Each structure stands twice: as structure tokens, then as C-alpha cells.
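> Dropping a prediction and its sequence here:
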Amino acid sequence: MKKYIIKRLLWSVVILFIVSFLIYALMRCLPTSYLEQIARQKSQQPGSKTFDEWMQQLSATYGMDKGIIPGFASWLSKAVRLDFGDSWKYTVPVTQKFAQVVGISFWMSLIVMVLEILISIPLGIIAATKQYSTTDNVISVIALAGISLPTFFIASLLKLIFSVNLKWFDLNGLIGRNHDFLSPMGQRWDIAMHLVLPIMTLTIASVGAYMRFIRTNMLEVLNSDYIRTARAKGLSERRVIYHHAFRNTLITLVTLWGTSLPGLFSGAMITEQLFSIPGIGYTSYQAMVSGDIPFSMFYLVFIGILTLIGNLLTDILYAVVDPRVRIE
């Protein structure tokens with residue numbers, strides 16, 4: 001196992017290097033006129049530098065005054081020291097802006113993941129054990145609706161019901177009008193209330209896929225020979241389902257949970273945009289739209305790192321949940 005982990009880590013470094021170079025090359029393919037636009041805007045500010053000075057500074061900051069390979073080498077030498085430059089849009093260091101907004105997305109995504117587990121596993125097992133019954137049909141319809149409906153439709157529907165009609169929650173934002181006048185506990189409660197609808201949107205949009213995966217894998221396992229043997233030995237139905245059958249569906253869930261690791265830190269770009277939640281997804285979208293190359297570069301490379309870590313953890317957990325898996 002130790003040799004396997006070291007080997008995978010070394011391959012991950014190689015893959016990350018290639019991915020980073022491809023991202024940098026794509027960023028360099030953006031129109032150079034954007035740099036001119038940014039330099040022109042900054043040069044028009046009171047007491048600012050001239051247009052030519054801003055062009056030289058912006059080009060030198062991101063290696064735009066060099067070729068792609070020398071420029072990437074310059075960026076990489078700074079990146080390994082965790083120096084990703086200053087954000088063009090937010091005018092602060094990229095890592096500082098990232099640290100300010102990633103916490104909101106992390107806690108929101110973590111709550112969604114917990115809700116997915118608590119909702120999808122019981123419903124998926126119930127649907128599988130009561131195949132083709134009314135209960136199974138209802139659960140399947142709910143799951144298909146969650147998978148099929150786009151995120152913006154779910155968000156708009158929840159806004160209409162809970163914000164416009166019932167007036168329980170605000171339409172957008174992370175804090176209310178009177179946030180600054182509330183006590184510390186009241187401020188936390190205010191933020192929590194503003195996150196209810198985004199969390200509901202993400203949960204509804206994603207829980208259906210988990211339920212379908214669990215139901216499908218449970219049905220496959222329940223029709224296996226060893227399950228029939230376990231029942232023939234007189235084991236209780238509860239033990240057959242939860243100890244023998246469900247245990248063998250965990251490998252599929254491990255795959256899903258491992259690949260969802262980037263989602264804990266990458267944010268929900270569409271949902272955060274719809275509800276104006278200033279998380280990492282919303283911030284990254286605004287940076288990409290405005291052409292903020294330093295922040296966009298950092299965000300995409302960060303997602304690549306999380307994806308590699310998620311895949312590595314998934315492979316390791318295979319051996320934990322399934323004794324039949326042996327890594328040589």
C-alpha cells in the first residue's frame with residue numbers, strides 16, 4: 001500500500017504539471033487586448049501610473065512579456081512558493097481573496113453532502129427492497145425529477161415559494177439589512193437563514209443521482225447467489241440487507257464521495273450566482289467573466305489538485321470497504 005501511494009503521488013505530480021501547463025497555455029491564448037483594457041482603466045484613475053507603465057507591470061506580473069514556455073516557468077517558480085500574484089479584479093493577493101470566500105462554500109457543500117448521505121441511502125435501500133411497489137415508484141419519480149430539473153429552475157421555484165409567497169427568506173445575498181445591528185449569535189443565525197435556500201437547491205439537484213446509484217447497485221447485489229444463501233441460512237432480512245447487501249454497494253458510494261471532494265472547496269458556481277452568495281464559486285465566476293487571469297489560473301489549478309487527491313483517496317478506500325480488493 002505504501003509503495004502504491006508513493007507511486008500514485010509521483011504520477012499525480014506529473015499529471016498536475018501537464019494540466020497546469022495546458023491551463024496556462026489556454027490563458028495565454030486570451031486576446032491581449034484585455035490587458036490593454038485593464039491598463040487603460042487603471043491609468044485613468046486619479047494619481048495612477050501611465051498606460052505604458054501599467055502594460056509593462058501587468059505583462060511582467062504574469063509573464064506575458066515572454067513566450068509560453070518561459071512564462072510558464074516563471075509562473076511555476078512563483079506557484080511552488082504559493083505566490084500566485086494579485087487578483088486583477090479584486091486588487092488583493094489571490095490566496096488572500098481565496099481564503100476570504102472558500103469557507104462559505106466549504107460549509108455549504110459539507111452540509112449538502114451530509115444531507116445527501118442521510119436522505120439518499122435510506123431511500124435508495126427502501127426503493128431496492130420494495131422494487132416496483134408504490135413506494136419504489138414514488139422514490140424513483142422524485143429521484144428522476146431531481147436529476148432532470150435544472151438548477152436554475154429549482155432555485156427559482158424555491159425563491160417563488162419561500163421568498164415571494166411565504167416571505168420566509170430573503171431572495172439573495174448572504175446577510176440581511178439589519179445584520180450589523182444584530183448580536184454575534186444573531187449574525188450567525190442571519191447567515192444561516194440566507195444559506196437555507198441554496199442548500200435546499202443543491203440537495204434537491206444532487207440527491208436523486210445518489211438514490212438511483214444506490215437503488216441500482218442494491219438490486220444487483222440482492223439478486224446475487226450469496227444473498228440467497230444468506231437468506232436460506234435463516235438470517236434476518238435486516239441483517240441480510242444492511243450487513244451483507246449494503247456493504248457491497250459501498251464501493252460505488254466511495255467512488256461518488258471521492259469524486260465529490262473538489263466540490264467541497266470549488267463551490268457551487270451556478271447556485272451561488274443565482275443566490276448572490278459570495279463563495280468561491282461566485283467569486284471565481286466573476287473573476288473569469290472579468291478576465292482575471294491570476295485568480296482564474298489559481299482556481300483551475302486548485303481544482304485539478306483536489307481532483308487528483310479525490311481519485312487517490314477513492315482508490316485507497318476501495319481496499320478499506322472491500323476486502324477482496326488488493327493493491328500490489
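Looks like it arrived, so ask away.

> Is residue 315 in contact with residue 9, as I believe?
No - if you go by CB atoms under 8 Å, residue 315 and residue 9 don't touch, sitting 11.7 Å apart. Every C-beta, even on glycine, is put in place using the N, C-alpha and C of the backbone.

> Would you mind telling me which of those two has more residues around it?
Counted by other CB atoms under 10 Å, residue 315 and residue 9 do not tie: residue 315 has more neighbours, with 17 against 12.

> Relative to residue 306, how far out is the more buried one?
Distance, residue 315 to residue 306, using CB to CB, to the nearest Å: 15 Å.

> same thing with residue 166?
In terms of CB to CB, residue 166 sits 37 Å off from residue 306.

> quick one, which of these two is more surrounded?
Set side by side, residue 166 and residue 306 show more neighbours around residue 306, with 16 against 9, by other CB under 10 Å.

> What is the helix or strand containing residue 147 packed up against?
According to DSSP states H and E, residue 147 maps onto helix 134-148. Counting contacts by 3 or more CB pairs under 8 Å, 6 or more residues apart in numbering; DSSP states H and E, helix 134-148 is packed against helix 94-129, helix 184-222.

> a markdown table for the ones you listed, including mean pLDDT, distance to residue 174 and mean neighbour count?
Output for the helices and strands packed on helix 134-148, formatted as a markdown table (pLDDT from 0 to 100; distance: least, CB to CB, whole Å; neighbours: other CB atoms under 10 Å):
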| stretch | mean pLDDT | distance to residue 174 | mean neighbour count |
| --- | --- | --- | --- |
| helix 94-129 | 88 | 7 | 19 |
| helix 184-222 | 87 | 5 | 19 |
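
> Which one of those lies nearest to residue 249?
With CB to CB, the closest approach to residue 249 among these belongs to helix 184-222: 4.2 Å.

> and the closest one, how far from the chain's centre?
Distance of helix 184-222 from the chain centroid (CA atoms, centre = their mean, to the nearest Å) equals 13 Å.

> likewise stretch 294-312?
11 Å.

> try stretch 233-251
Distance, centroid of stretch 233-251 to centroid of chain: 32 Å (CA atoms, centre = their mean).

> same check, this time on stretch 121-128
25 Å.

> Pull the residues that contact that stretch.
135-136, 139-140, 143, 210-215, 218-219, 222, 241-242, 246, 253 (CB atoms under 8 Å, 6 or more residues apart in numbering).

> cool, stretch 54-67 as well?
Applying CB under 8 Å, 6+ apart, the set of residues contacting stretch 54-67 from outside is 28, 32, 35-36, 38-40, 42-43, 48-49, 70-72, 74-75, 85-86, 88, 293-294.

> show me where pLDDT drops low in the stretch 201-328 of the chain?
Residue ranges of the stretch 201-328 of the chain with pLDDT under 70: 258-259, 261, 263, 266-267, 319-328.

> Which parts of it are helices?
Applying DSSP state H, counting those that start in this stretch to the stretch 201-328 of the chain gives helices spanning 225-232, 237-239, 250-259, 261-266, 269-275, 280-289, 293-321.

> okay if I get the ones you listed as CSV plus distance to residue 4?
Shown next, in CSV, are those (distance: least, CB to CB, whole Å):
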stretch, distance to residue 4
helix 225-232, 28
helix 237-239, 34
helix 250-259, 16
helix 261-266, 19
helix 269-275, 34
helix 280-289, 32
helix 293-321, 8
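
> which one of those helices lies closest to residue 149?
helix 269-275 (12.8 Å).

> shouldn't residue 275 be in contact with residue 154?
No - at 11.5 Å, residue 275 does not count as touching residue 154 under the criterion of CB under 8 Å.

> between those two, which one's more packed in?
Shown here are residue 275 and residue 154; by other CB under 10 Å, residue 275 has more neighbours (25 against 21).
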